Structure formats: C-alpha cells, structure tokens
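Trainee: Quick one: sequence plus predicted model below, questions after.
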Amino acid sequence: MPAAYPNTRLRRTRATAWSRAMHRETVLTPADLIWPLFIIEGQGQEEPVGSLPGVSRWSVDGIVARAKEAIDLGIPCIALFPNTPPEKRSDDGKEAYDPDNLMCRAIKAVRDACGNDIGILTDVALDPYTSHGQDGLLDDAGYVVNDDTVAVLVDQAINQAQAGADIIAPSDMMDGRVKSIRMALEMGEHPNVQIMAYAAKYASAFYGPFRDAVGSGGLLKGDKKSYQMDPANGDEALREIALDIDEGADSVMVKPGLAYLDIIWRAKEAFGVPVFAYQVSGEYALIEAGAAAGVGDRNALLMEKLIAFKRAGCSGVLTYHAPDAARLLNG
Ligand SMILES: NCc1[nH]cc(CCC(=O)O)c1CC(=O)O
Ligand SMILES: [Mg+2]
C-alpha cells in the first residue's frame, strides 16, 4: 500500500473506449449541422471556390442534388447564398426582392424536389445584390443607413418566404430589423416562418473566402465596422441578443464561431434560447490549410472544433464541413 494515493482518479473512467463513451458529456450528430451552399446561374454548373478548397458554387440543379445528399446524411437544414452576376447588381440591391431571382428559384426547386424533408434557411442582407458590396443602402457620405435599409430587408425577407423559405436569417446587423421582418411575416400570412437572427455578428477578418464565393469581395470598399460588432465586445453582444429575442427571433446566432465561444456560452446561460454558431469561411479555410500543411489529421481537427460548439451550448452549427462531418458521424 503506497503511503499516499489519490482519492479520486479521474483517469479511471478514461481507461477504455466503452467507459469514455459512457461518460461523454456532449454528442454531435448530423442533426446539429446546417450546410451553407452557394448558388450560381446556369445548368449543370459546378464552380470550385478557390479560397475554400472542397467547396463549390452550384447551379440550381446542383443545389437540389446537394439538398438530397443532405437528407441522406441526416443534415436537417441547408443555408442558401446566391452569387449574383455583376449585371444584376445595383446600388439599391433591388434584385434582392425580385421573385424570380436566383435565390427564389433555388428555394422553389429544393422545395419541389424535397418537400418538407429539409429546412431551407435564407440569408437576409443586401451584399450579394449591391454593386458596392455593403449589406445595406448608402447615403452620400457612404454610410450604411439603417431604417431605409430595414424597409428593403423586409421586402427581401417576404420575397424569400413567398418562395418557400423556412427560416429567415437576417445577417445585416441593422437595428430593429427582426421586429420589422416578424411583423411583415405575420401580416403576410407566414406565421410559421422562423427567424434565426444573426444577433451577435462581428466585423471579422474571417469572412474573406465567403465574399469571394458570393462575388462581393472585389466590390467591397472599406469595411463593415459601422454595423457589425467590435470583436472586443461581449456585454454588447448580450444586448444585441436580448433585443433580437424581444423583437421575435426564434433562435439567435453568434458569428464567427470558434473565437467567440465565450459569447455562445454567455448567451445560453443568460437567455436559454436556441443558440447557433456560424463557423465561417475563414475558419473552414484555416482548418483545410492547416491540415494541408501537416498541422494534424484533418478529420480529427474538424471534429474537435465542431464538438466545441456543442460543449459551449450550441443547438447547432452552420459549417462548410457539414457533409464531411455527417459522413464521419454516420461511420
Ligand atoms: N451579410 C452577408 C454574410 N452572410 C454570411 C457571411 C459570412 C459567412 C462566412 O464567412 O462564411 C456574410 C459576410 C459578411 O458579412 O461580409
Ligand atoms: Mg441588432
């Protein structure tokens, strides 16, 4: 008998695989994943996104194929983002509320092919439609104006709901837009269309590859710091989230993901609402680049990052790794 021994040996429960499985506190399943997809014009088109290795833009038929793939993998929801050709972009982004725009055609095609077997989440913000790449309307000084932008976002949201979107996800960070969109959905007879608010969205350096993917990167002058949040702020994120819940959001999002796990945790603790994380394009690209550079095993790296979101309190994660993660989880 040794003179001293630990009373508690936490290693005991870690000794075997069955015991580790039995003591695991959080689980990740394909139902936790939302798959973001980029849409392009045409038929039979697949266009790889250079800055997002493994991610492509798809024409509408390809989006339908990806939606069917998601269903087979157990992924409950896709998020759609259009790459609008330059000739359809304008200063006022009016293509956003054209009922025949690329987004609406994709929504309808997925709905026709898949019925209610998959959720369709649509992003509300003007950047895929503006010639200046900002999320809203500009005044003469180049400032993104709030209230006039909200009026256009409402039209955009209703347009998406009419095409068949299930979840409207405003990513614009204008003040008051959740309330206006909720009211318009109620009055427009879309009471069951959800709102997932990008409530705490930061002015992040991690969005670069996404802007390439939707074609707004080269157009954007300046930054989005007058509406997206300062990465230094946490209390302010809780105020943003409180407002969006109050205005009628069904769920809230924190974006980007990994650098903001503290915000996810605080939001879950403070409000107990469904919280989602957006693991954004730059985060995806860093994992792929790191794995390619020999930092570690790619699948292990991506799964470790995804479980962190669950542990921090997320109900789910928007991630470009969704199909690969689902395949790994399905074994
Ligand atoms: N408002 C548009 C929008 N919606 C989602 C993302 C980023 C997603 C990603 O990087 O994967 C952005 C970019 C931005 O705000 O500039
Ligand atoms: Mg807000």
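Mentor: Okay, I see it. What you see is a predicted model; the values in this text were computed from it and never measured. Ligands and ions are numbered 1, 2, ... in the order given.
Trainee: CA only for contacts and neighbour counts going forward, please
Mentor: Will do.
Trainee: Shouldn't residue 38 be within a strand?
Mentor: Yes: remark: residue 38 belongs to a strand, assigned using DSSP: H, G, I helix; E, B strand; the rest coil.
Trainee: Now for it: which residues touch it?
Mentor: Going by C-alpha atoms under 8 Å, 6 or more residues apart in numbering, residue 38 touches 56-58, 80-83, 213-214.
Trainee: for the residue of the stretch 51-200 of the chain found nearest ligand 1, what are its contacts?
Mentor: Nearest to ligand 1, among the residues of the stretch 51-200 of the chain, is residue 171, at 4.8 Å (C-alpha to the nearest ligand atom). By C-alpha under 8 Å, 6+ apart, the contact set of residue 171 is 123-125, 197-199, 201.
Trainee: The single nearest residue of the stretch 1-150 of the chain relative to ligand 2: neighbour count?
Mentor: Ligand 2 sits closest to residue 146 of the stretch 1-150 of the chain, with a gap of 10.9 Å, by C-alpha to the ion. Counted with other C-alpha atoms under 10 Å, residues neighbouring residue 146 total 18.
Trainee: Give me the spatial nearest neighbour of it, chain neighbours excluded.
Mentor: Among residues not flanking residue 146 along the chain, residue 174 sits closest, at 5.6 Å (C-alpha to C-alpha, 6 or more residues apart in numbering).
Trainee: Quickly find the element holding that neighbour.
Mentor: Secondary structure assignment for residue 174, by DSSP states H and E: no helix or strand.
Trainee: Repeat that for the one 10 residues further on.
Mentor: For residue 184, the element it lies in under DSSP H and E is helix 177-187.
Trainee: Can you give me the buried ones in that helix?
Mentor: Buried residues in helix 177-187, counted by 16 or more other C-alpha atoms under 10 Å: 177-185.
Trainee: any idea which helix or strand comes after that helix?
Mentor: In N-to-C order, the element after helix 177-187 by DSSP H and E is strand 194-201.
Trainee: Can you tell me what sits against that following strand?
Mentor: In this structure, residues lying in contact with strand 194-201 by C-alpha under 8 Å, 6+ apart are 166-173, 178, 182, 228-229, 237-238, 240-241, 244, 248-256.
Trainee: Find the nearest non-adjacent residue to residue 97, please.
Mentor: Once flanking residues are discounted, residue 97 sits nearest to residue 156: 4.6 Å by C-alpha to C-alpha, 6+ apart.
Trainee: Confirm that neighbour sits in a helix?
Mentor: Yes: assessed by three-state DSSP, residue 156 belongs to a helix.
Trainee: Any figure for the gap between it and residue 331?
Mentor: As defined by C-alpha to C-alpha, to the nearest Å, residue 156 lies at a distance of 40 Å from residue 331.
Trainee: Who has more neighbours out of the two?
Mentor: Set residue 156 next to residue 331 and count neighbours by other C-alpha under 10 Å: residue 156 wins out with 26 against 6.
Trainee: Now do the more buried one, the pLDDT please.
Mentor: Looking at residue 156, its pLDDT reads 98.
Trainee: quick revisit: and the residue of the stretch 1-150 of the chain closest to ligand 2, what does it touch?
Mentor: Residue 146 makes contact with 136, 174-175 under the criterion C-alpha under 8 Å, 6+ apart.
Trainee: list the contacts for residue 75?
Mentor: Counting by C-alpha under 8 Å, 6+ apart, residue 75 makes contact with 30-35, 118, 322-323, 326.
Trainee: How many neighbouring residues does the residue nearest to residue 146 have?
Mentor: The tally of other residues near residue 174 (other C-alpha under 10 Å) stands at 23.
Trainee: Which stretches in the chain count as strands?
Mentor: Here the chain has its strands, by DSSP state E, at 33-40, 46-48, 56-59, 77-82, 119-124, 167-170, 194-201, 251-255, 275-278, 316-318.
Trainee: CA-only coordinates of the first one in PDB, if you can.
Mentor: These are the backbone C-alpha positions of strand 33-40, laid out as PDB (Å, rounded to 0.1, in the frame of the first residue of the first chain):
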ATOM      1  CA  LEU A  33     -25.400  20.600 -38.700                       C
ATOM      2  CA  ILE A  34     -26.600  23.300 -41.200                       C
ATOM      3  CA  TRP A  35     -24.900  23.200 -44.600                       C
ATOM      4  CA  PRO A  36     -24.200  26.600 -46.300                       C
ATOM      5  CA  LEU A  37     -24.400  26.300 -50.100                       C
ATOM      6  CA  PHE A  38     -23.500  28.900 -52.900                       C
ATOM      7  CA  ILE A  39     -25.700  29.200 -55.900                       C
ATOM      8  CA  ILE A  40     -24.800  30.200 -59.500                       C
END
